[in-house]
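Colleague: Need a 3D model of the sequence below.
(4 chains)
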Protein chains: 2
Amino acid sequence: MAAKDRREELIAAAFRVMVRDGVVKTTTRAVVNEAKMPLGVFHYCFNSREELLQEVITRITDSGVAKARKVFEGEGDLGARIAKSLYTFWEGVELNPGEHQVGYELTHYALRQEGFEDLARRQYEHYLEVHEQLLAEAAESAGIKWTVPLPVLARYLNSVLDGVTLCWLVDRNSEHTREVLRLTGEHLMSLAAKAD
Amino acid sequence: MAAKDRREELIAAAFRVMVRDGVVKTTTRAVVNEAKMPLGVFHYCFNSREELLQEVITRITDSGVAKARKVFEGEGDLGARIAKSLYTFWEGVELNPGEHQVGYELTHYALRQEGFEDLARRQYEHYLEVHEQLLAEAAESAGIKWTVPLPVLARYLNSVLDGVTLCWLVDRNSEHTREVLRLTGEHLMSLAAKAD
DNA sequence: CGGTGTCTTGGACGATCGACCAACTACGAT
DNA sequence: ATCGTAGTTGGTCGATCGTCCAAGACACCG
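Modeller: So this is what the prediction gives:
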């Protein structure tokens, strides 16, 4: 009935196809087939395939940011909060690996697509910003100061999470990954000092 | 003249195309065009495009392993060696970003390709193994023990390097990345204890 | 000389893709 | 009732892809 509703359904269908078959195989035909719509619908709702992918990228970025904020909710001292956040983050990865895999695929796709580089840049800009905010908030509520500049610490955290996720997507070694996250949590703790 | 030589040239040409245009656009025609050979050559030297990509993956893995070993060569105490290794690694990334980008693209490609998952798994298995060896060697030559199990420490190091590289490929913030690597080096130092 | 096997080549095939379009329907406003 | 706009559809176009093949070129061995 509504063109806008069709758009949303197609975006959701595209995301499902991506998780199942990968970004490369997410063709216009595969998407409309997943959404059980005739092929003609596609270019009535989207100017191009790229426009659809762009939409999916922003959705994933926003969803990732929101999820990160939710992960960090909680109480307790700094140590407990960090440990729980890392644990919750990892729960999310193991529960939904395809989503993260698609995220990386889209990042690399955007880096190669003329005019899409900014989209990837904004994606990581958001992630780094969120990590920075959460680290700052944690420091304030715990009454501590980070002994490392916040942007650096945020990049460090973001990198470790990206790295362990990528590595786990390949070899699925959950046990070692959890140990790495525990180690990272302890490291973060050691970078906190009493506030002035 | 030689079928085997053609093979090697095609592999090299394929790698060049990948770095320039990405894995997805590395078609049989693009490769033979890069190598300045007629199209028919391709399926005389390779049974399929997948066979070529498989060959490129193993080359990149081997080259990465060799480069990692070379990066770790050097003298001095543990701190200097770690710092220099991280610095040399990062020099390599900044000097040749495309190569690393292709590496990640191929990993994700392999994860999606039926029967190629093992190739990606072996790739990371090698990397982790090399990091483990280098960390063990460093500990021995410095007369220290790692206070964290070696496989975990290797995965941690591998993850940080992967993560910062990926992040830098997107936002090209060299300054913060170097600080993260410095931080990581100090962290590793803090995980060393005098051997028994 | 003839033949046998390794190269080399241009062209062609079938499949799949993104994109487009003309025709059809439904429905509210005039 | 008529018109116009938004929605809907199946079919089709041109481009590009991986793959294959038949025919020619070359060299070595009998």
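
Colleague: check contacts around the closest residue to A:Arg122 other than its chain neighbours.
Modeller: Once flanking residues are discounted, A:Arg122 sits nearest to A:Thr61: 7.3 Å by C-beta to C-beta, 6 or more residues apart in numbering or on different chains. Yep, even glycine has a C-beta here, placed from its N, CA and C like the rest. Shown in contact with A:Thr61 (C-beta atoms under 8 Å, 6 or more residues apart in numbering or on different chains): A:122-123, A:126-127.

Colleague: want to throw the residues you listed into CSV with distance to B:Val93?
Modeller: CSV is the format used below for the contacts of A:Thr61 (distance: C-beta to C-beta, whole Å):
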residue, distance to B:Val93
A:Arg122, 22
A:Gln123, 20
A:His126, 23
A:Tyr127, 20
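
Colleague: can you list the residues you listed in CSV and add pLDDT and secondary structure?
Modeller: Shown next, in CSV, are those (pLDDT from 0 to 100; DSSP: H, G, I helix; E, B strand; the rest coil):
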residue, pLDDT, secondary structure
A:Arg122, 94, helix
A:Gln123, 93, helix
A:His126, 95, helix
A:Tyr127, 96, helix
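
Colleague: Could the C-alpha coordinates of whatever helix or strand the residue nearest to A:Arg122 lives in be exported in PDB?
Modeller: Using DSSP states H and E, A:Thr61 sits within helix A:49-71. Provided in PDB are the C-alpha atoms of helix A:49-71 (Å, rounded to 0.1, in the frame of the first residue of the first chain):
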ATOM      1  CA  ARG A  49      20.900  -0.600  -5.200                       C
ATOM      2  CA  GLU A  50      23.500   1.600  -3.600                       C
ATOM      3  CA  GLU A  51      20.800   3.700  -2.000                       C
ATOM      4  CA  LEU A  52      19.500   0.600  -0.300                       C
ATOM      5  CA  LEU A  53      22.900  -0.400   1.000                       C
ATOM      6  CA  GLN A  54      23.500   3.100   2.200                       C
ATOM      7  CA  GLU A  55      20.300   2.900   4.200                       C
ATOM      8  CA  VAL A  56      21.300  -0.400   5.700                       C
ATOM      9  CA  ILE A  57      24.700   1.000   6.700                       C
ATOM     10  CA  THR A  58      23.200   3.900   8.600                       C
ATOM     11  CA  ARG A  59      20.700   1.600  10.300                       C
ATOM     12  CA  ILE A  60      23.400  -0.800  11.400                       C
ATOM     13  CA  THR A  61      25.500   2.100  12.700                       C
ATOM     14  CA  ASP A  62      22.600   3.600  14.700                       C
ATOM     15  CA  SER A  63      21.700   0.200  16.000                       C
ATOM     16  CA  GLY A  64      25.300  -0.500  17.000                       C
ATOM     17  CA  VAL A  65      25.500   2.800  18.900                       C
ATOM     18  CA  ALA A  66      22.300   2.200  20.700                       C
ATOM     19  CA  LYS A  67      23.400  -1.300  21.600                       C
ATOM     20  CA  ALA A  68      26.700   0.000  22.900                       C
ATOM     21  CA  ARG A  69      24.900   2.500  25.200                       C
ATOM     22  CA  LYS A  70      22.600  -0.200  26.500                       C
ATOM     23  CA  VAL A  71      25.500  -2.500  27.200                       C
END
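
Colleague: Point out the other elements, helices or strands, that the helix or strand that that helix is followed by touches.
Modeller: Next helix or strand after helix A:49-71 toward the C-terminus (DSSP H and E): helix A:78-95. If you count contacts as 3 or more C-beta pairs under 8 Å, 6 or more residues apart in numbering or on different chains; DSSP states H and E, helix A:78-95 packs onto helix A:49-71, helix A:117-142, helix A:150-171, helix A:174-190.

Colleague: swap the cut-off to 6 Å and go again
Modeller: Packing partners of helix A:78-95 (3 or more C-beta pairs under 6 Å, 6 or more residues apart in numbering or on different chains; DSSP states H and E): helix A:49-71, helix A:174-190.

Colleague: does the closest residue in space to A:Leu119 that isn't next to it in sequence sit in a helix or strand, and which one?
Modeller: Excluding the flanking residues, the one nearest A:Leu119 by C-beta to C-beta, 6+ apart is A:Ala110, at 4.9 Å. Following DSSP H and E, the helix or strand that holds A:Ala110 is helix A:97-112.

Colleague: quick check: angle from that helix to helix A:78-95?
Modeller: In terms of direction (axes from the mean of the first three to the mean of the last three C-alpha atoms, to 10 degrees), helix A:97-112 departs from helix A:78-95 by 90 degrees.

Colleague: How about the residues of chain A by DNA strand C?
Modeller: A:25, A:27-30, A:39-40, A:42-43, A:47-50 (C-beta under 7 Å from any atom of the strand).
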